[in-house]
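[1] the following block contains a protein sequence and its predicted model.
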Amino acid sequence: MLPFFLACALPESPPNNTHASGASAPTAKSAWQKELPPETDSLPVWQGTWPLSGGQVLRQNETGLWLERGPQDSQLLAQEPIGTPALNAESTRLVFTKRDPAPIVQGQLMACQAPEWDCQVVAHGDRAAISSDGTQIAWVDVETGLASVWVASFDGHDRVQLTNVGVVSAGTGAPPPGFVPPPHQGPLSFEQTRLTWNSPDGPQSVELP
């Protein structure tokens, strides 16, 4: 078991609204499970729906994350989504993390925008969040060897590491001095000029650039 501070994908809280729809059979977990470290090998399947700008619907269920443009028009966005998607206040932009293809352990952060909802890879990591105005995204990445919080513009540019800058693991299995733990139970949240989240050590907060 890797130490918590190296973990990339930890459980979040499921959404409150739950809906199920029958599309296609879910992918067998055994096909990709062995590619993942212990922290990420037991991902729950969350279900929910989110209304989008233009009358479209985002739906997550046991078959994946779907964009429903109409009764007979559904597009699969991610067969193995990690966590739940995040939308801006006007539901015109969204970010989510997907695990497919399976060899990518960290996950791909996808950013999508109305009206076409074309999605682009903007970063690698998980626990993605988006600001209310849709101009910034935040996520957890292990690029430096420690699970740290990053922020960027919606298109992934102007990346800034917000936590654990200059902190180095001693390789002892314990968090190094100065380590700020990433979100554990619940997502990152944009709160005016700060990012907030809950960690095993309690509430955390960092100022946005």
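    Received, thanks. Note that the structure is predicted; figures quoted are calculated from it, not measured.

[2] pLDDT below threshold where in this protein?
    Scanning the chain for pLDDT under 70 picks out the ranges 1-45, 100-106, 185.

[3] all helices for it, in order.
    Using DSSP state H, the helices found in the chain span residues 30-33.

[4] can I get stretch 199-209 as PDB, trimmed to CA atoms?
    What follows is stretch 199-209, C-alpha atoms only, in PDB (Å, rounded to 0.1, in the frame of the first residue of the first chain):
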ATOM      1  CA  SER A 199      -8.400  16.200   4.400                       C
ATOM      2  CA  PRO A 200      -7.600  13.500   7.000                       C
ATOM      3  CA  ASP A 201      -5.900  16.300   9.000                       C
ATOM      4  CA  GLY A 202      -9.000  18.500   8.800                       C
ATOM      5  CA  PRO A 203     -10.200  21.400   6.600                       C
ATOM      6  CA  GLN A 204      -7.500  22.900   4.300                       C
ATOM      7  CA  SER A 205      -7.400  26.200   2.400                       C
ATOM      8  CA  VAL A 206      -5.000  27.900   0.000                       C
ATOM      9  CA  GLU A 207      -5.100  31.200  -1.700                       C
ATOM     10  CA  LEU A 208      -5.600  31.300  -5.400                       C
ATOM     11  CA  PRO A 209      -3.000  33.000  -7.600                       C
END
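
[5] so which bits of that stretch are buried?
    Ser199, Gln204, Val206 (16 or more other Cβ atoms under 10 Å). C-beta coordinates here come from the backbone N, C-alpha and C atoms, glycine included.

[6] in strands, which of those appear?
    Ser199, Gln204, Val206 (DSSP state E).

[7] identify, from these, the entry nearest to Ser53.
    Val206 (29.8 Å; Cβ to Cβ).

[8] identify, from the buried residues of stretch 199-209, the entry nearest to Thr144.
    Val206 (15.5 Å).

[9] ok, for the closest one, nearest residue in space, not its chain neighbours?
    Closest residue to Val206 in three dimensions, ignoring its sequence neighbours and counting by Cβ to Cβ, 6 or more residues apart in numbering: Leu162, at 4.7 Å.

[10] so the one you found is in contact with Trp150, correct?
    Yes: Leu162 lies in contact with Trp150 (Cβ atoms under 8 Å); the separation is 6.5 Å.

[11] any residues in contact with both of the two?
    Counting by Cβ atoms under 8 Å, 6 or more residues apart in numbering, the contacts common to Leu162 and Trp150 are Ala138.

[12] can I get the buried residues of stretch 199-209 in a markdown table with distance to Pro177?
    Converted to a markdown table, the buried residues of stretch 199-209 look like this (distance: Cβ to Cβ, whole Å):
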| residue | distance to Pro177 |
| --- | --- |
| Ser199 | 16 |
| Gln204 | 16 |
| Val206 | 17 |
